[in-house]
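K.L.:
coordinates for the following, if possible.
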Amino acid sequence: EHVVEFDAVANFTVELLQAHCLADAYPVLLSTTSNDSVHHEPSRTSSSPKAGSMGFSPSESSASSDSGVVPEMSPAASGLVVPGSVCTESSPEGPDWGVSGAGSTLSVDRVWSGSGEVPTGGDASEALIHSGLRLGLLRIGAEVYDWLYDIYADEERELVARMVAARADQMVRQLEQSDYTFKPEGSHNGRLPGFLLEHAIALAEDPKAADWAGYALKIIATNFPHWAGQDGGWAEGVPYGMGYNTRDATPFHAWTLATGHNIWLKPFYQGLPWFFYYAVSPIGEIMPFGDTEHQPVRPSGSKTLMQYHALRLQDPHLRRWADQVAPRDNDAARVDPFPGIVYADDLTTSEEADLPNDRVFRGIGWAALHSDVSRPTEDFMVAFRSSPYGGVSHGHASQNDIAIMKGGKALICAGGERFPHHGTPFHTEYAQQSISHNCILVNGEGAVNRDGNRGGEIIDFLTRDRFGYVAGEAQNAYDELTRCRRHLLMIRPSVLIL
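P.N.:
Just a heads-up that it's a prediction; the model follows:
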């Protein structure tokens, strides 16, 4: 709770456009760049056209940079700092953050990794990759530079451009050192190709921009994303699929605007929106399967992503799904600006239920059967998992697993959660294991956990007007079985035979 909430800045609300102090803040926030980072001098001037524009422009009411003066604003007024949220040297909660405010400048000299050790020098550079705070900085650096480009003074623009270029080099090093093109299963590294592409767009005139873009596109066009099949789906689970693909939407959209090359035409992305349409209810109080499966659907995040794809594809079914997302707790189900507002909202929804009620995603081993997928308040939904990915990353050792909802309410669900946080004994010894799910134990033992070669598969699927059927084979996930099949038959509207 002592972490500065940088992800909130990424929403690009009106407050961000007013937060001109970011011009000073970001180069200092990212001052832990390793010594071997290459600094690039941008060739354009403040009066030249924006060569690498992402297609977004600041409000015309934004302050002019003719004078080269950044308006005075305290760090708290910029939205960067919540009062009382910064650790001090004497604070029992953690090490000194080294935060100081002087006029419009926010200086963060050291970043706490949460482990009690503060990385410095070269070690800090690559350490920036692996937490929400640091990944948030990578995510928004290029976007902030693009949005505020016209209000920077020349020296500010050059300073921020060097920082953005250094971060692009840093991401390339991280991907190369992890051998990502051959071993793409690193979850957090999966955010970097999209971030890198966005950095290349923002610094299009940089001599290295073509190399950054080429490297990112080589990954995106081949084995990316790792947690998916050609038919869509996300093996780590619905919230992770939504989170990662929302992050990728802005760079992919910007790349299409800048070049005309449409990444969304890749077969996986053709099926991706339908994974969310079928695998989770817009009013669901659970999101099976995997880590965070016990949590309800996240209204703003799911609505934003599904509305974006609905408008991109001009599909009324996807738009109706987005419109049916309901507010929950403190989440008002708003549409976040990016990628939520990049298309004109000119699509009307359809009341016609002309889609099949069931769908299978064989690449990740998931299927969903519905009594009426177009009417979630009435829908009887059965989710099924028999996944070739096994129990790795955020996935669990839950093969031939089921979860059931009626009208978004959980009737049959997993018995545990990632408590109190990732990697604790309750998480690894219970929540990840078969015993906490709706699948079988063999002589008291569940499916093999933490082995990506020990998963299941969907071996049959059929959907008709009156019924839906799916079967999974999970023998490979168990040590003592030669066959382990589960059959599900839904006779609409409300009979399930297992």
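
K.L.:
surely residue 303 is in a strand?
P.N.:
No. Going by DSSP: H, G, I helix; E, B strand; the rest coil, the assignment for residue 303 is helix, not a strand.

K.L.:
quick one: the helices in this protein?
P.N.:
For the chain, applying DSSP state H gives helices covering 14-18, 22-29, 121-127, 132-148, 154-177, 192-202, 209-221, 238-259, 267-279, 299-313, 316-323, 337-340, 425-426.

K.L.:
wait, which of the ones you listed is closest to residue 483?
P.N.:
helix 267-279 (26.8 Å; Cβ to Cβ). For glycine as for every other residue, the C-beta is placed from the backbone atoms N, C-alpha and C.

K.L.:
what about the closest one, average pLDDT?
P.N.:
Averaging pLDDT along helix 267-279 gives 97.

K.L.:
where does the protein dip in pLDDT?
P.N.:
1-133, 352-353 (pLDDT under 70).

K.L.:
and stretch 194-204, what's buried?
P.N.:
194, 195, 196, 197, 198, 199, 200, 201, 202, 203, 204 (16 or more other Cβ atoms under 10 Å).

K.L.:
er, stretch 442-455 actually
P.N.:
Buried residues in stretch 442-455 (16+ other Cβ under 10 Å): 446, 447, 448, 449, 454, 455.

K.L.:
quick one: which of the residues you listed is nearest residue 364?
P.N.:
For the buried residues of stretch 442-455, the nearest to residue 364 is residue 455 (9.8 Å; Cβ to Cβ).

K.L.:
please tell me how far the closest one sits from residue 246.
P.N.:
As judged by Cβ to Cβ, to the nearest Å, residue 455 and residue 246 stand 27 Å apart.

K.L.:
residue 426 too?
P.N.:
29 Å.

K.L.:
neighbour-wise, which of the two wins?
P.N.:
With neighbours defined as other Cβ atoms under 10 Å, residue 426 and residue 246 compare such that residue 246 has more, 18 against 15.

K.L.:
wait, the more buried one sits on residue 340?
P.N.:
No. Applying Cβ atoms under 8 Å, one finds residue 246 not in contact with residue 340, separated by 9.4 Å.

K.L.:
sorry, back to before: switch the buried residues of stretch 194-204 over to CSV; also include distance to residue 186.
P.N.:
Shown next, in CSV, are the buried residues of stretch 194-204 (distance: Cβ to Cβ, whole Å):
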residue, distance to residue 186
194, 14
195, 14
196, 15
197, 18
198, 19
199, 19
200, 21
201, 24
202, 24
203, 25
204, 28
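
K.L.:
of those residues, which is the nearest to residue 491?
P.N.:
residue 194 (42.8 Å).

K.L.:
who's in contact with that closest one?
P.N.:
216, 220, 247, 248, 250, 251, 252 (Cβ atoms under 8 Å, 6 or more residues apart in numbering).

K.L.:
first residue to last residue on stretch 409-428, what's the distance there?
P.N.:
Distance between the two ends of stretch 409-428: 27 Å, counting by Cα to Cα, to the nearest Å.

K.L.:
going by neighbour count, list what's buried in that stretch.
P.N.:
Going by 16+ other Cβ under 10 Å, stretch 409-428 has these buried residues: 410, 413, 414, 416, 417, 418, 427.

K.L.:
export the contacts of residue 194 to JSON lines and tack on neighbour count?
P.N.:
Formatted as JSON lines, the contacts of residue 194 follow (neighbours: other Cβ atoms under 10 Å):
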{"residue": "216", "neighbour count": "26"}
{"residue": "220", "neighbour count": "21"}
{"residue": "247", "neighbour count": "20"}
{"residue": "248", "neighbour count": "25"}
{"residue": "250", "neighbour count": "26"}
{"residue": "251", "neighbour count": "27"}
{"residue": "252", "neighbour count": "22"}
